[in-house]
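# With the sequence up front, the predicted model follows.
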Amino acid sequence: MAPSVGPNLVASLLMLEKICWDLEHGPQRMVINRVYLRSVFTEALKLVKLKPGSKVQIVDDEDKPFNQAEDHWSIAPYGYSYDPFSASIRTFSYNLTTLILTAHVEATLFWPMLAPSGRWYFKPPIPDPKDYSGREYQSMDHDPLYYFRTETDPSMMVPFLKAFAKAVRHMPVIKHFELACPLMQTMFQITYFAPGLTTDMVVENKDDTKGRRMYYDVGDDWEPESDLMAGLRWAGKERFGGDVIERFLDRAWY
């Protein structure tokens, strides 16, 4: 089914308030075909105007690249200085109260940025990633182990998170966000909870849940810059006020 079918159908059903789109592209889809299919969905999404307060889930969960030692092509269409898929999700989300998005995106999702490069947001724990491309690196079931990027690359991650922090500043009543990326045997995750919301990702007491909380699970190799953390602290500040509790979940000293 063409990726435009879902948005075109929704555009004609004006009273919808909850939507879930799963953009199934099939296994090992060639990059050029994936770019085309995302472009078709993007153009169709421009025609969709939902009621204020709607809730949407979009899943564009492609297979992971087979070998993380290799660079990969950007999935932005040729000639674009930004990723139109990410940009369309940003403008589409303005009327939403809930957006759950699983996809390959770049900072234009949050704020207009420069061209996406196709580079990784994470790096290997050794200088030369080619050292990991040989078959001598095997998993427990003796399959080649090509997934090894576990450390944050600040040159890529910081601009992405700063764009998100700018967007948060314009969400005065935001109650919850979660930025997460699965890594090998771990998870990169930054999560925010408004007062009154609870979570099982960390042990909290009743006093904790009375205020705003920001939890960082970003590994031991990287610490967010002070201005980045200051930007994220604006989440819910206008509505709820008070200081925000910040914890690094992977570090004993928090």
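Nice, I can see it.
# which phi and psi does the spatially most central residue of the chain have?
Nearest to the mean C-alpha position of the chain, by Cα atoms, centre = their mean, lies Leu179 at 5.2 Å. The phi and psi values for Leu179, taken as degrees, to the nearest 10, are phi -100, psi 120.
# next one: the one 3 residues further on
Pro182 has phi and psi values of phi -70, psi 130 when expressed as degrees, to the nearest 10.
# Let me know how buried it is, in neighbour terms.
As a burial measure, Pro182 scores 11 neighbours (other Cβ atoms under 10 Å). Yep, even glycine has a C-beta here, placed from its N, CA and C like the rest.
# same check, this time on the one 5 residues further on
One way to gauge burial is a neighbour count; for Met187, by other Cβ under 10 Å, it gives 13.
# Mind listing what's buried along the strand or helix carrying it?
Element membership for Met187, per DSSP states H and E: strand 186-193. Judged by neighbour count using 16 or more other Cβ atoms under 10 Å, the buried positions of strand 186-193 are 188-193.
# quick one: terminal-to-terminal distance for stretch 172-191?
This stretch, stretch 172-191, spans 16 Å end to end (Cα to Cα, to the nearest Å).
# my bad, should have said stretch 175-190
Stretch 175-190 has an end-to-end distance of 14 Å (Cα to Cα).
# That one - what's its average pLDDT?
Stretch 175-190 carries an average pLDDT of 89.
# what's next to that stretch, contact-wise?
Where contact means Cβ atoms under 8 Å, 6 or more residues apart in numbering, the residues beyond stretch 175-190 that reach it are 121-122, 147-150, 152, 161, 164, 168, 191-194, 197, 214-219, 232, 235-236.
# same thing with stretch 95-112?
Contacts of stretch 95-112 (Cβ under 8 Å, 6+ apart): 49-62, 75-76, 82-83, 85-87, 89-90, 93, 113, 116, 159-160, 162-164, 166-167.
# mind listing what's buried in stretch 79-86?
Within stretch 79-86, the residues scored as buried using 16+ other Cβ under 10 Å are 80, 82-86.
# Closest one to Ile19 out of those, please.
Minimum distance to Ile19 across the buried residues of stretch 79-86 is 16.8 Å, recorded for Phe85 (Cβ to Cβ).
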